[in-house]
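>>> sequence plus predicted model, see below.
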Amino acid sequence: MLNKSIMDGDNPDLTEERMKGAFDTDKMAAVIYGSEKFAIRRREITESISRIPQLADSKPFSFMTREEKISESCRKLSVLSEHWNQLIDTNNEEEALHLYREVLGLEGHAFSLHETMFIPSLVAQANDEQQEKWLGRAKRREIIGCYAQTEMGHGTNLRALETTATYYPSTQEFILHTPTETALKWWPGALGKSSNYAVVVADLVIRDTHYGAHPFMVQLRDEKTHNPLPGITVGDIGPKMAFNGADNGFLGFNQYKLPRDHMLMRHSRVEENGTYTKPPHAKIGYSSMVKVRSRMAMDQGLFMVSALVIAVRYSAVRRQGFLDDKSREVKVLDYQTQQHRLFPSIARAYAFIFCGFETIQLYDQLLIDVKNGDTSGMSDLHALTSGLKSVVTHQTGEGIEQARMACGGHGYSMASYISEIYGVAIGGCTYEGENMVMLLQLARYLVKSVELVKTGKSKELGPMMNYLAEPDTQIDLTSGPEAYVKVFQHAARRQVWKATDKFHQLMESGQSRDIAWNNSAVELTRASRLHTRLYIMETFIRRVSSISDVSIKKVLIDLVNVHVNYEVLDIGTYALEHVSSTQLDSIRSQLYSSLDTLRPNAVSLIDSFQISDMQLRSVLGRRDGHVYTNLFEWAKASPLNQTHVLPSVNQYLKPMMDKAKL
Ligand SMILES: CC(C)(COP(=O)(O)OP(=O)(O)OC[C@H]1O[C@@H](n2cnc3c(N)ncnc32)[C@H](O)[C@@H]1OP(=O)(O)O)[C@@H](O)C(=O)NCCC(=O)NCCSC(=O)CCCC(=O)O
Ligand SMILES: Cc1cc2nc3c(=O)[nH]c(=O)nc-3n(C[C@H](O)[C@H](O)[C@H](O)COP(=O)(O)OP(=O)(O)OC[C@H]3O[C@@H](n4cnc5c(N)ncnc54)[C@H](O)[C@@H]3O)c2cc1C
């Protein structure tokens, strides 16, 4: 049995698909999750969780109010705390994240930011004594922390943050203060009601000099009563588009005193007498953001996969209309339009996850380098992750929305759960740096790279930038995926140079740097997107080439073929400057035949992610494929169906109709 999720009693249409798969889904899971060991651990953790009944949802999540969702996740966290050490290796971040995803899903919970930003901030920014004091407590979950940076008035422009941390040598204390309404911290996840500590980013002020954003470890609530401490105003910012199991919060300080050693001092310091030592790199305080951005390709890939698991399984059991055989309706997955809607996203999801592995490793390496005093890799990783987070969040949003539409009417129902996945995923277009802003950060790096080439310093180009210095060459599209990489290189190079030239010309014409930049910004963001998509394609091909298992490699090459053909067509207007319209026609034909080739493996490709029903929370996407029975059961469980006649009918509708009868 190659697809390990074949079970007796499953919908035969899905079983048929799983039998068709030409590769072993466990082996594919090992490729997806980076190692056989981790793929096995994932399955073991999922299996162990399923044996703890208290970790199951107490009722369908879609029927819960915000309060119920928050209470349910807290209940599960308290159950988890009894089992933590048996379930996972607590020092393994990936195992912990898998456990959270399985048990708590994606709508947020009290520890969402604790693991992803609070602890990483302490790890990267606190000095040894501070880590001694807080890290153990945080890791043991004696305290709950979050990351409070964004304010009501400013999220992007960190230099304009208004919350001040003013140092007074006389008392050796900082005074944290919120001078205006717009200075209220606004948005931080798990801040409103759950966290009792926060890493707060505030403008450091010493003797009237403003040193800009610095991180501080701040206690927000009493550890015994959980009440806010005097001088602190904290609360929930209200319901959001999605993520409503999370208490994103607001936070204000009224002359709140903080001991000197609560500024995180690994990189910058304030001495007792107020002497300030600046960090070895100006942006080192931004590392918690780079950490999360470096994870986003992986996380977003998994969001996209969740939607695709639902849409592809559903498409394999949904029968509507006829092709050749007029005696039986076809699975909608057999329609070319359906495949075109879904398969390129499957390819992107694989590509994002492979990119995610690279950037996570690059961040881990950077952390070590920075600890050893070497900050030279910071700009490269900042540029890479800025572009990547922007492109993957945007494309993930597009892919999930297509997946929803691919499920027809039932996709629109919360039974599919796709709208929640969509809402959560597209939050990523905004958080951790608004996408346009981050594309422009990468653009700075691209422009500088062109300037190096122009001034004969190509040798100093950073990783992935050499193609900017290379001349255009003839492209032979029959030479395999590398030819498509060449198309992307040509297109990205041309756009990067074009945007840079425009920026330079505007400055030469007398515009200031900032105005010239703004007037070139759309072209610059286009350059950043093309560059990033080139990186994604190259990484995908590189990863697939390194695989030795023949059956796995074969299907992944099929997926690469879908990817490269689709991507080149998708940048048609740029590609046309390098390939002819006849060549584009032939790419189109190849795309259609690659969709056809992939078709038998579609279900196995998404099954390979081994996302449990518990995590998926989708009635439509369940592994067993009994869509209609499951859907009816779910609808019957709706709170509206617990009584035949709603009170609102008796109170309003009936009297209204009765009156009309008179
Ligand atoms: C846009 C910038 C980067 C601008 O910063 P700035 O200090 O004003 O910079 P500038 O003077 O314009 O200079 C730019 C320069 O600073 C460099 N730089 C910027 N960031 C980094 C970095 N992380 N590492 C290394 N270098 C960095 C850039 O490369 C530029 O270098 P250059 O001047 O070109 O040589 C910054 O303000 C920023 O990062 N804004 C985005 C804010 C953000 O991401 N907030 C996230 C809040 S937490 C959150 O959302 C959590 C959600 C998680 C969840 O819910 O799961
Ligand atoms: C779900 C969610 C969770 C979050 N969690 C946290 C958290 O845990 N902690 C935390 O501190 N924050 C958090 N945030 C806040 C988030 O990081 C910010 O909202 C984000 O950085 C964007 O900043 P902004 O809101 O100021 O947007 P703005 O910058 O006001 O964006 C508005 C528009 O202005 C444009 N714009 C702004 N500046 C420029 C520029 N220089 N050039 C061109 N265009 C520009 C943007 O592109 C955008 O179109 C969260 C937000 C969300 C949605």
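Cool, got the structure. Because the structure is predicted, anything quoted here is derived from the model rather than measured. Ligands and ions are numbered 1, 2, ... in the order given.
>>> near ligand 2 at all, the helix or strand where Ser288 lies?
Using DSSP states H and E, Ser288 sits in helix 287-317. No - judged by C-beta under 6 Å from any ligand atom, helix 287-317 and ligand 2 are separated, with a smallest distance of 8.4 Å. Every residue, glycine included, has its C-beta placed from N, CA and C.
>>> the following helix or strand past that helix packs against which elements?
Scanning forward in sequence from helix 287-317 by DSSP H and E, the next helix or strand is helix 336-371. For helix 336-371, the packing partners by 3 or more C-beta pairs under 8 Å, 6 or more residues apart in numbering; DSSP states H and E come out as helix 119-125, helix 287-317, helix 378-406, helix 521-545, helix 550-570, helix 581-598, helix 602-607.
>>> Leu104: which of those is closest?
helix 287-317 (14.0 Å; C-beta to C-beta).
>>> just want the angle from that closest one to helix 378-406.
Taking axes from the mean of the first three to the mean of the last three C-alpha atoms, to 10 degrees, one finds helix 287-317 and helix 378-406 inclined to each other by 20 degrees.
>>> check which helices and strands helix 287-317 sits against.
For helix 287-317, the packing partners by 3+ C-beta pairs under 8 Å, 6+ apart come out as helix 12-20, helix 119-125, helix 336-371, helix 378-406, helix 408-412, helix 418-430, helix 602-607, helix 613-616.
>>> deepest-packed of those, please.
The highest mean neighbour count among the helices and strands packed on helix 287-317, using mean count of other C-beta atoms under 10 Å, belongs to helix 602-607: a mean of 26.
>>> so what touches it?
Residues from elsewhere that reach helix 602-607 (C-beta atoms under 8 Å, 6 or more residues apart in numbering): 2-5, 14, 17-18, 20-23, 25, 28, 305, 308-309, 312-313, 316, 333, 339, 342-343, 346, 350, 555, 559, 598, 623.
>>> and Gly212, what does it touch?
When contacts are counted by C-beta under 8 Å, 6+ apart, Gly212 touches Leu158, Arg159, Asp203, Leu204.
>>> okay, now the residue lying closest to Ser48 once chain neighbours are set aside: neighbour count?
Spatial nearest neighbour of Ser48, excluding adjacent residues (C-beta to C-beta, 6 or more residues apart in numbering): Leu87 at 5.5 Å. By other C-beta atoms under 10 Å, the residues close to Leu87 number 21.
>>> quickly list the domain ranges of the chain.
37-108+288-430, 141-279 (automatic domain parsing).
>>> next, format those as CSV and append mean pLDDT.
Converted to CSV, those look like this (pLDDT from 0 to 100):
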stretch, mean pLDDT
domain 37-108+288-430, 97
domain 141-279, 98
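>>> and those domains as TSV, adding distance to Val123?
Shown next, in TSV, are these (distance: least, C-beta to C-beta, whole Å):
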stretch	distance to Val123
domain 37-108+288-430	7
domain 141-279	9
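>>> need the three-state assignment for Pro225.
Small correction: residue 225 is Thr, not Pro. coil (DSSP: H, G, I helix; E, B strand; the rest coil).
>>> follow-up on the earlier one: does the helix holding Ser288 reach ligand 1?
Yes - for helix 287-317, a contact with ligand 1 is found by C-beta under 6 Å from any ligand atom, at Met289, Val290, Val292.
>>> quick one, that helix and helix 521-545 angle?
If you take the same axes, to 10 degrees, helix 287-317 sits at 70 degrees to helix 521-545.
>>> next, the buried residues of helix 287-317.
Residues of helix 287-317 classed as buried by neighbour count (16 or more other C-beta atoms under 10 Å): 287-317.
>>> how about whichever residue of the stretch 501-650 of the chain sits closest to ligand 2, nearest residue that isn't a chain neighbour?
Closest residue of the stretch 501-650 of the chain to ligand 2, C-beta to the nearest ligand atom: Ala521 (6.4 Å). Nearest residue to Ala521, sequence neighbours excluded (C-beta to C-beta, 6+ apart): Leu440, at 6.3 Å.
>>> which of the helices or strands spans the one you found?
For Leu440, the element it lies in under DSSP H and E is helix 435-454.
>>> also Thr233?
Here Thr233 sits within strand 232-236, counting by DSSP H and E.
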